[in-house]
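Peer 1: Quick one: sequence and predicted model below, then my questions.
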Protein chains: 2
Amino acid sequence: MTRVSIEHVQDAATRIAAVALRTPLLEQPWSTERPLWLKPENLQHIGAFKIRGAYNAIAVLDDARRANGVVAYSSGNHANAVAFAAKTFGIPAVIVMQDSTPRVKVEATAAHGAEIIEVPMAERERVAKDVAEQRGMALIPPFDHPDVIAGQGTIGLEIVEDLPDVDVVLVPVAGGGLASGVGVAVKALRPAAKVIAVEPELAADTAEGLRAGHQVHWTPERRARTIADGLRTEPSALTFAHLRDVIDAAVAVSEGEIRATMRTLATQARLVAEPSGAVACAAAVYRGAELPPGRTVAVVTGGNVDPALLADVLRS
Amino acid sequence: MTRVSIEHVQDAATRIAAVALRTPLLEQPWSTERPLWLKPENLQHIGAFKIRGAYNAIAVLDDARRANGVVAYSSGNHANAVAFAAKTFGIPAVIVMQDSTPRVKVEATAAHGAEIIEVPMAERERVAKDVAEQRGMALIPPFDHPDVIAGQGTIGLEIVEDLPDVDVVLVPVAGGGLASGVGVAVKALRPAAKVIAVEPELAADTAEGLRAGHQVHWTPERRARTIADGLRTEPSALTFAHLRDVIDAAVAVSEGEIRATMRTLATQARLVAEPSGAVACAAAVYRGAELPPGRTVAVVTGGNVDPALLADVLRS
């Protein structure tokens, strides 16, 4: 199976420079356990890192193919990322969403000019593939593609550029595109650093798989129990192969720790994080004993959270 | 009366580079009224821009004087800034606070190693001056000092560096240190840009003074009505003189607009802003008709907000 290389990530960095924010590393003086920096990907235009992979995957298409437009199936940050990237290129985008998607998410994606097709959950992937074939559009997957992995990997590139002596990088894992890309970049540029995958305890299939040495499948229902709605998917064969190469260990955090860290991020780092976006920082705060020591970076992956949930977390 | 020059601001930028975060400009695609960027000073270590002026004012002291330590009277972000800067230099800091200051703010400043002296509100300034004299410490004022103004002005420097064709800069004004410094920098580097001071309607003394051509005094009680607790002070003679030189216009926003903008910043920009920190952005959103057109930057000055207030704003 082919692997994404550091050169692949570096090429992606050049492509995405015009549209993705080069997020700063934010040192966190409140962290007494370990020296901690945050990589605030919630500050991207669409509020999440997904713009990096989506934009890179669209940018590498040849001009004629790209002009036909792109398709994605997602109701989360990847949908927004593909719609926003397509708008930037001035090409059509079709986003296939499950018909139970909250209106606010449908409208956010439609606001970028994308055509939305709502279908039952089980039909999303098939309908997206049909649209791609019938209209000659390119399907942009959320994680299972080398160009998407390379795009997300630019985060790792930037972390090592800004903190060359980083010791520990904490990155959430679900589909594994982000963790694969960040791992490839960090291991190439700073081999001494440890890359740690973080999951919710309620969706810790990757940790189990890495320990077993082969992928372990949890049912979608089991993975869906976590509040971290961006971390309910599982790796593909492609991303799991990368994770085995580049991830040093996996840790899991509880639902209560995720919520408490959302609160800490708001009050101490003045950042709004969605539950999935708080998971890596939660590991730094609550799982220090399980982590290697040293200068630590946690990726805050996104900040698209229901205001009522954030309010609830702030009051608790 | 002497004026802070652009060279003064540029010197400050060199001094503060090691301790102040060089905040990025965050483009806001949700702003349909006008092209809008935010300057997120809430992401500074202490959660507010005040570190820039406080650190600069301490850095310019000669070594022997600085070694004796520093004194400030404040219960807000300036207190934290002086305490944090003093810790960075390894020198003692005394912060004089009014005895009604919430424990959480006292503890946040004490956590930086500062000695806290709590006195009745009316005695703060006198006690701080007494301590400075008795212990040979330097008093670091919150805004009424050229080195503080120059430090805050580095924000204007960075705005023009990052967006050379900026048309409008929106900056909150109360004591006027920030607005003076930003105005000096922007007017020197990009004379075509308009610098607009923004106030709460309930503390709009500077707008009235600028219209009248001389400072107008509102009582502390009248200014204290606004939720924007960082904007309840009034300019000094020094800052008002600067404001007359560098501010093109002043606009005011309502309490409801401040609260609504705190919500918008959390949901659309994923930033936690305190009420004072939302005021400039509120002008961009709600006072567009009163503003010059064009590429606009709003400074988000700070993000130290009571979690219960933020929760309340998110639910409304």
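Peer 2: That came through, no problem.
Peer 1: who in chain A is up against chain B?
Peer 2: A:21-24, A:26-27, A:29, A:40, A:42-43, A:45, A:47, A:84, A:263, A:266-267, A:269-273, A:303-304, A:307-308, A:310-312, A:314-315 (C-beta under 8 Å from any C-beta of the partner chain). Just so you know, the C-beta spots here come from the backbone N, C-alpha and C atoms, and that holds for glycine as well.
Peer 1: now with 6 Å?
Peer 2: A:24, A:26, A:29, A:42-43, A:45, A:47, A:266-267, A:270, A:272, A:303, A:307, A:310-311, A:314-315 (C-beta under 6 Å from any C-beta of the partner chain).
Peer 1: Give me the subset of those residues that lies in helices.
Peer 2: A:266-267, A:307, A:310-311, A:314-315 (DSSP state H).
Peer 1: In chain A, which residue is most central in space?
Peer 2: A:Leu178 (5.0 Å; C-alpha atoms, centre = their mean).
Peer 1: Show the residue spans covered by the strands in the stretch 1-150 of chain A.
Peer 2: Ranges of strands within the stretch 1-150 of chain A are A:26-27, A:36-40, A:70-73, A:93-98, A:115-119, A:138-139, based on DSSP state E, counting those that start in this stretch.
Peer 1: Direction included, what does the first one pair up with?
Peer 2: Using DSSP bridges, the strands paired with strand A:26-27 in its sheet are strand A:36-40 (antiparallel).
Peer 1: Distance from the chain centre to the partner strand, please.
Peer 2: A distance of 15 Å separates the centroid of the chain from that of strand A:36-40, by C-alpha atoms, centre = their mean, to the nearest Å.
Peer 1: After the helix or strand where A:Val184 lies, heading C-terminal, what element do we hit next?
Peer 2: Of the helices and strands defined by DSSP states H and E, A:Val184 is found in helix A:177-189. For helix A:177-189, the succeeding helix or strand toward the C-terminus, using DSSP H and E, is strand A:194-200.
Peer 1: Can you name every helix or strand that whichever helix or strand comes after that following strand contacts?
Peer 2: Sequence-wise, the next helix or strand downstream of strand A:194-200 (DSSP H and E) is helix A:205-212. On a contact count with 3 or more C-beta pairs under 6 Å, 6 or more residues apart in numbering or on different chains; DSSP states H and E, helix A:205-212 meets strand A:249-253.
Peer 1: How far away from the center of its chain is the strand it packs on?
Peer 2: That offset, for strand A:249-253, works out to 16 Å (C-alpha atoms, centre = their mean).
Peer 1: What lies in contact with it?
Peer 2: Contact with strand A:249-253 is made by A:196-199, A:201, A:204, A:207, A:210, A:279, A:282-283, A:287, A:290, as judged by C-beta atoms under 6 Å, 6 or more residues apart in numbering or on different chains.
Peer 1: Between which two of those residues is the distance greatest?
Peer 2: A:Leu210 and A:Ala282 (19.0 Å; C-beta to C-beta).
Peer 1: These two: which is more packed in?
Peer 2: A:Ala282 (31 against 21; other C-beta atoms under 10 Å in any protein chain shown).
Peer 1: I'd like the distance between the residue nearest to the centre of chain A and A:Met262.
Peer 2: According to C-beta to C-beta, to the nearest Å, A:Leu178 stands 19 Å off from A:Met262.
Peer 1: Could you do A:Arg315 as well?
Peer 2: 12 Å.
Peer 1: quick one: which of the two has more around it?
Peer 2: A:Met262 (29 against 14).
Peer 1: Please confirm that the more buried one is located within a strand.
Peer 2: No: under DSSP: H, G, I helix; E, B strand; the rest coil, A:Met262 falls outside any strand and is assigned helix.
Peer 1: Touching, it and A:Ala278? I think so.
Peer 2: Yes: contact criterion C-beta atoms under 6 Å: A:Met262 and A:Ala278 qualify, at 4.6 Å.
Peer 1: Now do the helix holding A:Val184 against helix A:205-212: the angle between them, please.
Peer 2: 50 degrees (axes from the mean of the first three to the mean of the last three C-alpha atoms, to 10 degrees).
Peer 1: Measure how the lengthiest helix in chain A sits relative to strand A:36-40, angle-wise.
Peer 2: With DSSP H setting the assignment, residue counts place helix A:146-162 as the longest helix in chain A. For helix A:146-162 against strand A:36-40, the angle by the same axes, to 10 degrees is 140 degrees.
Peer 1: Alpha carbons of helix A:146-162, as CSV, please.
Peer 2: Provided in CSV are the C-alpha atoms of helix A:146-162 (Å, rounded to 0.1, in the frame of the first residue of the first chain):
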residue,chain,number,x,y,z
PRO,A,146,-3.5,10.4,0.1
ASP,A,147,-4.1,14.0,-0.9
VAL,A,148,-6.5,14.5,2.0
ILE,A,149,-3.9,12.9,4.4
ALA,A,150,-1.2,15.1,3.0
GLY,A,151,-3.3,18.3,3.4
GLN,A,152,-4.0,17.5,7.1
GLY,A,153,-0.3,16.7,7.5
THR,A,154,0.6,20.4,6.9
ILE,A,155,-0.4,20.9,10.6
GLY,A,156,2.5,18.7,11.6
LEU,A,157,4.8,20.6,9.3
GLU,A,158,3.8,23.9,11.0
ILE,A,159,4.2,22.5,14.5
VAL,A,160,7.8,21.4,13.9
GLU,A,161,8.6,24.7,12.2
ASP,A,162,7.3,26.7,15.1
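Peer 1: Show me what counts as buried in that helix.
Peer 2: Neighbour-count burial for helix A:146-162 flags A:146-160 (criterion: 16 or more other C-beta atoms under 10 Å in any protein chain shown).
Peer 1: For it, which helices and strands make contact with it?
Peer 2: Applying 3+ C-beta pairs under 6 Å, 6+ apart, we find helix A:146-162 packed against helix A:6-16, helix A:50-59, helix A:177-189.
Peer 1: just how off-centre is that helix within its chain?
Peer 2: Counting by C-alpha atoms, centre = their mean, helix A:146-162 comes out at 11 Å from the chain centroid.
Peer 1: what does that helix contact?
Peer 2: With C-beta under 6 Å, 6+ apart, helix A:146-162 has contacts from A:4, A:8-9, A:12-13, A:25, A:52-53, A:56-57, A:60, A:177-178, A:180-182, A:184-186, A:189-190, A:297.
Peer 1: quick check: domain ranges of chain A?
Peer 2: With domains defined by automatic domain parsing, chain A comprises A:6-49+A:145-315, A:52-139.
Peer 1: Need those domains in a markdown table (columns: mean pLDDT).
Peer 2: What follows is those, written out as a markdown table (pLDDT from 0 to 100):
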| stretch | mean pLDDT |
| --- | --- |
| domain A:6-49+A:145-315 | 97 |
| domain A:52-139 | 94 |
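Peer 1: need these in JSON lines with distance to B:Gly136, can you?
Peer 2: JSON lines is the format used below for the domains of chain A (distance: least, C-beta to C-beta, whole Å):
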{"stretch": "domain A:6-49+A:145-315", "distance to B:Gly136": "28"}
{"stretch": "domain A:52-139", "distance to B:Gly136": "54"}
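Peer 1: Would you point to the one among those domains that's packed deepest?
Peer 2: domain A:6-49+A:145-315 (a mean of 22; mean count of other C-beta atoms under 10 Å in any protein chain shown).
Peer 1: if we can go back for a sec, what is the nearest of the contacts of strand A:249-253 to chain B?
Peer 2: A:Val279 (15.9 Å; C-beta to the nearest C-beta).
Peer 1: Tell me which helix or strand comes right after the host helix or strand of A:Glu221.
Peer 2: Using DSSP H and E, A:Glu221 falls within helix A:220-223. Per DSSP H and E, the first helix or strand lying C-terminal to helix A:220-223 is helix A:237-246.
Peer 1: Compute the inter-axis angle for the helix holding A:Val184 and strand A:249-253.
Peer 2: Using the same axes, to 10 degrees: helix A:177-189 against strand A:249-253 is 140 degrees.
Peer 1: residue furthest from the geometric center of chain A?
Peer 2: Quick read of chain A (C-alpha atoms, centre = their mean): farthest out is A:Gln134, 29.3 Å.
Peer 1: Check the gap between that one and chain B for me.
Peer 2: Counting by C-beta to the nearest C-beta, to the nearest Å, the gap from A:Gln134 to chain B is 30 Å.
Peer 1: Perfect, I'm done here.
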